[in-house]
Every structure is written in C-alpha cells, then in structure tokens.
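Colleague: 3D model of this:
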Amino acid sequence: MRRTSLFLAVVVLLCAGLSSCNSDNNYDGTPTPLSWVDLGLPSGLLWASQNLGALSPVDYGDYFAWGEKTPKEVYGWETYAYGYDWNMLTKYCGSYTHGWNGFTDTLTTLEASDDAAMINLGDGARTPSYNDWKELMDNTTGKWTTRNKVRGLLLTGPNGKTLFLPAAGGIGSTDLHYAGEIGRYWSDSLYTFYPASAMAFSFDAQGQRMYDFDRCIGFSVRAVRARQN
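Modeller: From the prediction side, this is the model:
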C-alpha cells in the first residue's frame, strides 16, 4: 500500500530530447530467439538477450509480480499470490508485523518454485540476485538510448559486448505506467527491512540504482545463467 502509492504517485517527466539520437532501426518485427550475452563480467555470468516473454531485445515482454510465475490482468495486493496486503504476507516475511496473523519465515530470496525465469526458461536460467544487478552496474558503461524507437538502457561490458534493457515501465492495478521513461527489473532478493517489498534494478535517463518496490506490482524480468561448458 505505502510503496504502491509511492510508485504510482511519483511522476517522472522526461522531455523527448533526453532520448539519444543513437538508434538502431534494423529490427523488422520478426521474433528473435532468446540468446545469452557474455559481457565479460568478473563472475562470468551470462545475461539473456531479451526480457522474459519478449519477442525481441526491444520488446517489453511480460510483467510479473515478485514471486509469481505468470503474467496476469490485475497487479495489486488483491491478486497477489503471497499476501493480501502489505501487513498480511503469507510467504517471504521475517517480520510478524507484516505477516498474516503474525506469520513469519526465514526466506529472503525466491525459491526455485517461485522464480519466473527458472520456471519459464529452464536450462539453468534464473532471476538475477541483488548482487548480480550490482555487478552489472559496477562493471558496465550505461547509456540511455533508443533502439528501433524504443527507449532504454544500453550496457556495454568490459569485452565490448552490449545488452539492451527496454524502459518498459511497470503495471499497477491494470494500468501500464512510465513505459518509455523508466525501467524496473526484479531481482530475486527480498527487501528484508520492509518485507512487503523486494529489490529491483531501476533506471531512467538520469541514471541507475537499486530500489525496493511493493511485491505486488508488475515489473520486467531479465534472466541470467552461469556459463555452460
């Protein structure tokens, strides 16, 4: 409730001039098979070339509430799988003040059965952790740009390879907010100080950051996996 209202209330006004003139207009609408990008990160982690549910690297793809495996029509506490409100959680809750009838557990990262990337992609795929996103931020150069008329963040790794994250916004209730202005990508990590929230990678034309958001909001998922020999 607190974080959802904050997300919906904060309006980010970005003028058209903030999008880069550097664009890639070669995509013709043909579905592109998902591939794995090696950016030369210290961990060797591979990142998916496109969002979960997307048809190409510039497609927004599907939106997921944190810990849910499928997209849906309405994103809010009333439809959330693991709670009825910010103080009525039924899983991933270390605080009795946030749990349903005082419920608590010790889970702070998504279990495999609740990981949308694992369930939908298999083959070693998973939702990135908080530390995975931090590694990506700390070891790549980010540029707000436009590809095929889609605004987003272009990340260039130490080896010169690139990864594009569309600014797909997010869904609160039934409405898509800030598409083309903001990107929000889930990690697998709970925000333990306020367990009604989870950590997400957030970016816009002004920069990148990790921030906590209500788990019931619909955000993008970008999968990772370990290098396979």
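Colleague: quick check: longest helix of this structure.
Modeller: The longest helix of the chain (DSSP state H) is helix 130-139.
Colleague: Now do the helix or strand that it is followed by: which elements does it pack against?
Modeller: The helix or strand immediately downstream of helix 130-139 is strand 141-147, counting by DSSP states H and E. Using 3 or more C-beta pairs under 8 Å, 6 or more residues apart in numbering; DSSP states H and E, the elements in contact with strand 141-147 are strand 150-156, strand 197-204. Every residue, glycine included, has its C-beta placed from N, CA and C.
Colleague: Just checking: what are the partner strands of the longest one?
Modeller: For strand 197-204, sheet partners with direction are given as strand 183-190 (antiparallel), strand 207-214 (antiparallel), following DSSP bridges.
Colleague: Can you redo these as CSV, where the extra columns are distance to residue 35?
Modeller: CSV is the format used below for the strands paired with strand 197-204 (distance: least, C-beta to C-beta, whole Å):
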stretch, distance to residue 35
strand 183-190, 18
strand 207-214, 23
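Colleague: ok, and which of these has the densest surroundings?
Modeller: Most buried of the strands paired with strand 197-204, by mean neighbour count (mean count of other C-beta atoms under 10 Å): strand 183-190, with a mean of 25.
Colleague: thinking again about what came up before, if you compare the helices and strands packed on strand 141-147, which one is most tucked away?
Modeller: Most buried among these, counting by mean count of other C-beta under 10 Å: strand 197-204, with a mean of 22.
Colleague: how much does that one deviate in direction from strand 141-147?
Modeller: Per axes from the mean of the first three to the mean of the last three C-alpha atoms, to 10 degrees, the angle that strand 197-204 makes with strand 141-147 is 70 degrees.
Colleague: how much distance is there from strand 197-204 to the middle of the chain?
Modeller: 7 Å (C-alpha atoms, centre = their mean, to the nearest Å).
Colleague: ranges for the strands of the protein?
Modeller: 36-38, 46-48, 141-147, 150-156, 162-166, 170-172, 175-177, 183-190, 197-204, 207-214, 224-225 (DSSP state E).
Colleague: got a list of what the residue sitting nearest the centre point of the chain touches?
Modeller: The residue lying closest to the centre of the chain (C-alpha atoms, centre = their mean) is residue 185, at 1.3 Å. Counting by C-beta atoms under 8 Å, 6 or more residues apart in numbering, residue 185 touches 128, 133, 165, 200-202, 219-222.
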